[in-house]
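Enquirer: Sequence plus predicted model, see below.
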Amino acid sequence: MTITAAVLGRPIAHSKSPLLHRAAFAALDLDGEYLRFDVGAEGLESFLSAHPDFTGFSLTMPLKDRLVELARHFDWELDDTAALTGAGNTLVRRESSTLVANTDVQGIVAALGAPLATARESVGRPAGDSAAGARTAVILGAGATARSAAVACARLGITEVQFLVRNPDRAQNAVSLCADLGLRASTGPLTELTPAELLISTLPAEATPDLRWSPQIRGGVALDVAYAASSAFLATATRHGVTPVSGTAMLVGQAVEQFMMFLAAAGDPAGAEVRRRVAAAMHAALESADPPAGSGGPSTSEPAGPGTGSVGS
(Lines give C-alpha, C1' and ligand atoms only; values in the text may rest on other atoms or scores of the structure.)
Protein backbone atom coordinates (compact mmCIF):
# COMPACT_ATOMS: atom_id res chain seq x y z
CA MET A 1 0.00 0.00 0.00
CA THR A 2 1.37 3.39 -1.03
CA ILE A 3 -0.14 6.71 0.02
CA THR A 4 0.72 10.00 -1.67
CA ALA A 5 -0.72 13.10 -0.04
CA ALA A 6 0.06 16.79 0.40
CA VAL A 7 -0.97 19.96 2.17
CA LEU A 8 -2.22 22.87 0.06
CA GLY A 9 -2.58 26.52 0.98
CA ARG A 10 -1.14 30.02 0.70
CA PRO A 11 1.15 30.76 2.48
CA ILE A 12 2.24 27.20 3.13
CA ALA A 13 5.95 27.20 4.09
CA HIS A 14 5.11 27.27 7.81
CA SER A 15 2.80 24.23 7.73
CA LYS A 16 3.61 21.43 10.18
CA SER A 17 1.43 18.91 8.32
CA PRO A 18 4.41 17.32 6.50
CA LEU A 19 6.16 16.82 9.84
CA LEU A 20 3.08 15.17 11.36
CA HIS A 21 2.07 12.90 8.50
CA ARG A 22 5.63 11.77 7.75
CA ALA A 23 5.99 10.82 11.43
CA ALA A 24 2.84 8.71 11.14
CA PHE A 25 4.16 6.93 8.04
CA ALA A 26 7.38 6.15 9.90
CA ALA A 27 5.59 4.91 13.02
CA LEU A 28 3.52 2.46 10.98
CA ASP A 29 6.41 1.54 8.64
CA LEU A 30 4.28 2.51 5.64
CA ASP A 31 5.36 3.48 2.15
CA GLY A 32 4.08 7.04 1.93
CA GLU A 33 4.93 10.48 0.65
CA TYR A 34 3.57 13.76 2.01
CA LEU A 35 4.38 17.02 0.21
CA ARG A 36 3.36 20.66 0.28
CA PHE A 37 2.22 22.97 -2.50
CA ASP A 38 1.52 26.68 -2.59
CA VAL A 39 -1.99 26.92 -4.06
CA GLY A 40 -4.43 29.82 -4.00
CA ALA A 41 -8.22 29.57 -4.17
CA GLU A 42 -8.28 30.57 -7.83
CA GLY A 43 -5.94 27.70 -8.74
CA LEU A 44 -7.39 24.90 -6.62
CA GLU A 45 -9.60 23.32 -9.28
CA SER A 46 -6.82 23.12 -11.87
CA PHE A 47 -4.33 21.84 -9.29
CA LEU A 48 -6.61 18.98 -8.22
CA SER A 49 -7.24 18.07 -11.85
CA ALA A 50 -3.51 18.04 -12.56
CA HIS A 51 -2.73 15.65 -9.67
CA PRO A 52 -5.17 12.74 -10.08
CA ASP A 53 -2.83 10.13 -8.58
CA PHE A 54 -2.73 11.63 -5.08
CA THR A 55 -4.60 9.68 -2.41
CA GLY A 56 -5.69 12.88 -0.74
CA PHE A 57 -4.95 16.39 0.39
CA SER A 58 -4.97 18.49 3.54
CA LEU A 59 -6.15 22.05 2.87
CA THR A 60 -5.61 25.19 4.89
CA MET A 61 -6.22 28.92 4.38
CA PRO A 62 -7.55 30.20 2.00
CA LEU A 63 -8.90 27.02 0.41
CA LYS A 64 -11.48 25.61 2.84
CA ASP A 65 -14.57 27.36 1.48
CA ARG A 66 -13.45 26.90 -2.13
CA LEU A 67 -13.08 23.14 -1.61
CA VAL A 68 -16.74 22.82 -0.61
CA GLU A 69 -17.77 24.93 -3.61
CA LEU A 70 -15.92 22.51 -5.88
CA ALA A 71 -17.44 19.50 -4.10
CA ARG A 72 -20.93 20.81 -4.73
CA HIS A 73 -20.12 21.68 -8.34
CA PHE A 74 -18.70 18.23 -9.13
CA ASP A 75 -21.14 16.35 -6.88
CA TRP A 76 -18.39 14.96 -4.65
CA GLU A 77 -19.45 13.47 -1.34
CA LEU A 78 -19.53 15.88 1.62
CA ASP A 79 -19.34 14.52 5.15
CA ASP A 80 -21.63 16.08 7.76
CA THR A 81 -18.97 18.45 9.11
CA ALA A 82 -18.12 19.91 5.70
CA ALA A 83 -21.79 20.17 4.73
CA LEU A 84 -22.68 21.95 7.98
CA THR A 85 -19.80 24.42 8.01
CA GLY A 86 -19.44 25.02 4.29
CA ALA A 87 -15.72 24.45 4.76
CA GLY A 88 -13.46 21.48 4.08
CA ASN A 89 -9.88 20.77 5.06
CA THR A 90 -9.58 17.23 3.69
CA LEU A 91 -10.07 15.58 0.31
CA VAL A 92 -9.67 11.84 -0.19
CA ARG A 93 -10.03 9.84 -3.39
CA ARG A 94 -11.51 6.39 -3.13
CA GLU A 95 -12.03 3.80 -5.88
CA SER A 96 -15.16 5.36 -7.34
CA SER A 97 -15.73 8.56 -5.39
CA THR A 98 -14.19 11.68 -3.90
CA LEU A 99 -14.93 12.69 -0.31
CA VAL A 100 -14.54 16.13 1.24
CA ALA A 101 -14.48 16.43 5.04
CA ASN A 102 -13.78 18.98 7.75
CA THR A 103 -11.66 17.32 10.42
CA ASP A 104 -11.14 20.66 12.20
CA VAL A 105 -14.37 19.88 14.08
CA GLN A 106 -13.01 16.61 15.46
CA GLY A 107 -9.70 18.30 16.18
CA ILE A 108 -11.35 20.99 18.32
CA VAL A 109 -13.51 18.44 20.15
CA ALA A 110 -10.43 16.29 20.82
CA ALA A 111 -8.48 19.30 22.11
CA LEU A 112 -11.23 20.63 24.40
CA GLY A 113 -13.14 17.55 25.57
CA ALA A 114 -10.96 16.47 28.49
CA PRO A 115 -10.01 19.92 29.85
CA LEU A 116 -13.64 21.08 29.63
CA ALA A 117 -14.85 18.03 31.55
CA THR A 118 -12.20 18.66 34.21
CA ALA A 119 -13.14 22.33 34.46
CA ARG A 120 -16.81 21.46 34.92
CA GLU A 121 -16.11 18.84 37.55
CA SER A 122 -13.78 21.19 39.46
CA VAL A 123 -16.70 23.52 40.20
CA GLY A 124 -19.15 20.73 40.91
CA ARG A 125 -21.26 21.08 37.79
CA PRO A 126 -20.54 18.18 35.45
CA ALA A 127 -23.37 19.31 33.18
CA GLY A 128 -22.13 22.89 33.19
CA ASP A 129 -25.49 24.32 34.30
CA SER A 130 -24.60 26.91 36.93
CA ALA A 131 -22.42 29.98 37.42
CA ALA A 132 -21.73 32.84 35.04
CA GLY A 133 -20.88 31.72 31.53
CA ALA A 134 -22.10 28.13 31.96
CA ARG A 135 -22.73 26.33 28.67
CA THR A 136 -21.58 29.40 26.72
CA ALA A 137 -18.68 30.00 24.36
CA VAL A 138 -17.02 33.13 23.02
CA ILE A 139 -15.38 32.69 19.63
CA LEU A 140 -12.97 35.26 18.19
CA GLY A 141 -13.56 35.47 14.44
CA ALA A 142 -16.33 34.16 12.22
CA GLY A 143 -14.58 32.48 9.29
CA ALA A 144 -14.24 28.82 8.32
CA THR A 145 -12.44 27.77 11.51
CA ALA A 146 -14.92 29.70 13.66
CA ARG A 147 -17.77 27.80 12.03
CA SER A 148 -15.93 24.55 12.80
CA ALA A 149 -15.57 25.73 16.39
CA ALA A 150 -19.32 26.35 16.58
CA VAL A 151 -20.09 22.77 15.50
CA ALA A 152 -17.54 21.50 18.02
CA CYS A 153 -19.18 23.61 20.73
CA ALA A 154 -22.56 22.03 20.00
CA ARG A 155 -20.98 18.58 20.35
CA LEU A 156 -19.44 19.63 23.69
CA GLY A 157 -22.77 20.64 25.20
CA ILE A 158 -22.54 24.40 24.66
CA THR A 159 -25.91 26.09 24.09
CA GLU A 160 -24.96 29.73 23.44
CA VAL A 161 -22.19 31.24 21.31
CA GLN A 162 -21.02 34.82 20.87
CA PHE A 163 -18.80 35.70 17.91
CA LEU A 164 -16.47 38.65 18.42
CA VAL A 165 -15.81 40.24 15.04
CA ARG A 166 -14.67 43.45 13.41
CA ASN A 167 -17.50 43.37 10.85
CA PRO A 168 -20.82 41.85 12.04
CA ASP A 169 -22.02 41.43 8.44
CA ARG A 170 -19.29 38.85 7.84
CA ALA A 171 -20.55 36.77 10.76
CA GLN A 172 -23.97 36.01 9.30
CA ASN A 173 -22.98 32.57 7.99
CA ALA A 174 -21.65 31.62 11.42
CA VAL A 175 -24.79 32.92 13.16
CA SER A 176 -27.03 31.05 10.70
CA LEU A 177 -25.05 27.87 11.30
CA CYS A 178 -25.67 28.18 15.03
CA ALA A 179 -29.41 28.46 14.37
CA ASP A 180 -29.23 25.22 12.37
CA LEU A 181 -27.40 23.61 15.30
CA GLY A 182 -29.98 24.79 17.83
CA LEU A 183 -27.54 27.21 19.46
CA ARG A 184 -28.35 30.76 20.51
CA ALA A 185 -25.91 33.08 18.79
CA SER A 186 -24.94 36.74 18.84
CA THR A 187 -22.14 38.98 17.66
CA GLY A 188 -20.07 41.60 19.44
CA PRO A 189 -17.05 43.82 18.78
CA LEU A 190 -13.51 42.52 19.14
CA THR A 191 -12.94 44.58 22.27
CA GLU A 192 -13.86 42.67 25.44
CA LEU A 193 -14.13 39.07 26.62
CA THR A 194 -16.88 38.07 29.04
CA PRO A 195 -17.23 34.94 31.22
CA ALA A 196 -17.78 31.70 29.29
CA GLU A 197 -16.99 28.03 29.62
CA LEU A 198 -15.04 28.15 26.38
CA LEU A 199 -12.97 31.00 24.96
CA ILE A 200 -11.76 30.17 21.45
CA SER A 201 -9.57 32.34 19.25
CA THR A 202 -9.70 31.38 15.57
CA LEU A 203 -7.65 34.39 14.50
CA PRO A 204 -4.09 34.25 13.14
CA ALA A 205 -1.61 35.12 15.87
CA GLU A 206 -0.66 38.41 14.24
CA ALA A 207 -4.35 39.43 13.94
CA THR A 208 -5.40 38.95 17.58
CA PRO A 209 -6.30 42.35 19.07
CA ASP A 210 -5.48 43.63 22.54
CA LEU A 211 -8.72 42.68 24.32
CA ARG A 212 -10.12 43.74 27.67
CA TRP A 213 -10.80 40.74 29.89
CA SER A 214 -13.76 41.02 32.23
CA PRO A 215 -12.70 40.68 35.90
CA GLN A 216 -15.57 38.18 36.26
CA ILE A 217 -13.71 35.65 34.09
CA ARG A 218 -12.61 32.88 36.41
CA GLY A 219 -12.26 29.29 35.26
CA GLY A 220 -13.24 27.68 32.00
CA VAL A 221 -11.03 26.65 29.08
CA ALA A 222 -9.34 28.72 26.37
CA LEU A 223 -8.11 27.46 23.00
CA ASP A 224 -5.94 29.40 20.56
CA VAL A 225 -6.16 27.51 17.28
CA ALA A 226 -3.11 29.33 15.95
CA TYR A 227 -0.07 27.24 16.75
CA ALA A 228 2.44 30.04 17.18
CA ALA A 229 5.41 29.50 19.48
CA SER A 230 3.72 31.66 22.12
CA SER A 231 0.19 32.98 22.56
CA ALA A 232 -0.63 36.25 24.31
CA PHE A 233 -4.27 35.11 24.30
CA LEU A 234 -3.47 31.95 26.29
CA ALA A 235 -1.03 33.78 28.58
CA THR A 236 -3.78 36.21 29.58
CA ALA A 237 -6.25 33.36 29.97
CA THR A 238 -3.90 31.65 32.41
CA ARG A 239 -3.67 34.81 34.52
CA HIS A 240 -7.46 34.74 34.80
CA GLY A 241 -7.53 31.15 36.03
CA VAL A 242 -8.64 29.79 32.66
CA THR A 243 -7.16 26.47 31.51
CA PRO A 244 -5.07 27.12 28.35
CA VAL A 245 -5.10 24.68 25.42
CA SER A 246 -2.48 25.12 22.71
CA GLY A 247 -3.42 25.07 19.05
CA THR A 248 -1.09 22.11 18.60
CA ALA A 249 -3.71 19.95 20.37
CA MET A 250 -6.23 20.80 17.66
CA LEU A 251 -3.54 20.51 14.98
CA VAL A 252 -2.73 16.93 15.95
CA GLY A 253 -6.39 16.02 16.45
CA GLN A 254 -7.41 17.09 12.95
CA ALA A 255 -4.28 15.55 11.40
CA VAL A 256 -4.95 12.16 13.02
CA GLU A 257 -8.45 12.16 11.52
CA GLN A 258 -7.02 13.06 8.12
CA PHE A 259 -4.40 10.33 8.28
CA MET A 260 -7.01 7.71 9.18
CA MET A 261 -9.05 8.83 6.18
CA PHE A 262 -6.00 8.52 3.91
CA LEU A 263 -5.45 4.98 5.23
CA ALA A 264 -9.06 4.02 4.60
CA ALA A 265 -8.99 5.49 1.08
CA ALA A 266 -5.89 3.42 0.34
CA GLY A 267 -7.68 0.25 1.44
CA ASP A 268 -6.63 -0.05 5.10
CA PRO A 269 -9.48 0.96 7.44
CA ALA A 270 -7.34 0.80 10.59
CA GLY A 271 -8.67 0.61 14.14
CA ALA A 272 -8.16 2.17 17.55
CA GLU A 273 -4.62 0.89 18.14
CA VAL A 274 -3.36 2.37 14.88
CA ARG A 275 -5.08 5.66 15.74
CA ARG A 276 -3.30 5.68 19.10
CA ARG A 277 0.09 5.03 17.47
CA VAL A 278 -0.49 7.75 14.88
CA ALA A 279 -1.44 10.30 17.55
CA ALA A 280 1.58 9.37 19.69
CA ALA A 281 3.94 9.69 16.71
CA MET A 282 2.55 13.09 15.74
CA HIS A 283 2.81 14.45 19.27
CA ALA A 284 6.37 13.15 19.57
CA ALA A 285 7.32 14.77 16.26
CA LEU A 286 6.04 18.14 17.44
CA GLU A 287 7.88 17.85 20.75
CA SER A 288 11.13 16.97 19.00
CA ALA A 289 10.76 19.81 16.53
CA ASP A 290 9.86 22.43 19.13
CA PRO A 291 11.74 21.75 22.39
CA PRO A 292 10.68 23.75 25.45
CA ALA A 293 12.08 27.27 25.67
CA GLY A 294 15.52 27.28 27.24
CA SER A 295 16.06 23.56 26.72
CA GLY A 296 18.95 24.17 24.36
CA GLY A 297 17.75 21.32 22.17
CA PRO A 298 17.89 21.39 18.41
CA SER A 299 14.95 22.61 16.40
CA THR A 300 13.86 20.84 13.25
CA SER A 301 10.57 22.69 12.88
CA GLU A 302 9.16 23.64 9.52
CA PRO A 303 10.46 27.00 8.27
CA ALA A 304 8.32 29.92 9.32
CA GLY A 305 6.84 32.41 6.96
CA PRO A 306 4.19 35.11 7.06
CA GLY A 307 1.39 34.05 9.30
CA THR A 308 3.48 31.72 11.41
CA GLY A 309 0.60 31.56 13.86
CA SER A 310 -1.35 29.40 11.46
CA VAL A 311 -4.70 27.76 11.97
CA GLY A 312 -5.61 24.29 10.72
CA SER A 313 -3.17 22.26 8.66
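Expert: Yes, it's here.

Enquirer: Report pLDDT for the residue nearest to the spatial centre of the chain.
Expert: For the chain, the residue nearest the mean C-alpha position is residue 104 (3.8 Å; Cα atoms, centre = their mean). On pLDDT, residue 104 comes in at 97.

Enquirer: you'd agree it is up against residue 148?
Expert: Yes: the criterion here is Cβ atoms under 8 Å, and residue 104 meets it with residue 148 at 3.9 Å. For every residue, glycine as well, the C-beta is placed using N, CA and C.

Enquirer: Mind listing the shared neighbours of those two?
Expert: Residues touching both residue 104 and residue 148 (Cβ atoms under 8 Å, 6 or more residues apart in numbering): 81, 87.

Enquirer: before we move on, the earlier item: show me the residues around the residue nearest to the centre of the chain that make contact.
Expert: 81, 87, 89, 144-145, 148, 250, 254, 312.

Enquirer: Filter the residues you listed down to the buried ones and hand me the PyMOL line.
Expert: The buried residues among the contacts of residue 104 can be selected in PyMOL (16 or more other Cβ atoms under 10 Å) with this line:
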select buried, resi 81+87+89+144+145+148+250+254+312
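
Enquirer: Return the subset of the contacts of residue 104 lying in helices.
Expert: 81, 144-145, 148, 250, 254 (DSSP state H).

Enquirer: Let's have the residues you listed in CSV, adding distance to residue 262 and pLDDT.
Expert: CSV is the format used below for the ones in helices among the contacts of residue 104 (distance: Cβ to Cβ, whole Å; pLDDT from 0 to 100):
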residue, distance to residue 262, pLDDT
81, 17, 95
144, 21, 92
145, 21, 94
148, 20, 97
250, 19, 96
254, 13, 97
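
Enquirer: between those residues, which is nearest residue 210?
Expert: residue 145 (21.0 Å; Cβ to Cβ).

Enquirer: quick one, strands of the stretch 51-200 of the chain?
Expert: Remark: strands assigned in the stretch 51-200 of the chain by DSSP state E, counting those that start in this stretch are 56-59, 77-78, 90-93, 98-101, 136-140, 160-165, 184-189, 192-193, 198-201.

Enquirer: from these, which stretch is densest packed?
Expert: strand 198-201 (a mean of 30; mean count of other Cβ atoms under 10 Å).

Enquirer: what ranges of the stretch 101-250 of the chain fall below the confidence cut-off?
Expert: Applying pLDDT under 70 to the stretch 101-250 of the chain flags residues 123-132.

Enquirer: what are the ranges of the helices in the stretch 1-150 of the chain?
Expert: Counting by DSSP state H, counting those that start in this stretch, the stretch 1-150 of the chain has helices at residues 17-28, 44-50, 64-74, 80-85, 104-122, 144-155.

Enquirer: of all the strands of the stretch 51-200 of the chain, which lies closest to residue 287?
Expert: Of those, nearest to residue 287 by Cβ to Cβ is strand 56-59, at 20.7 Å.
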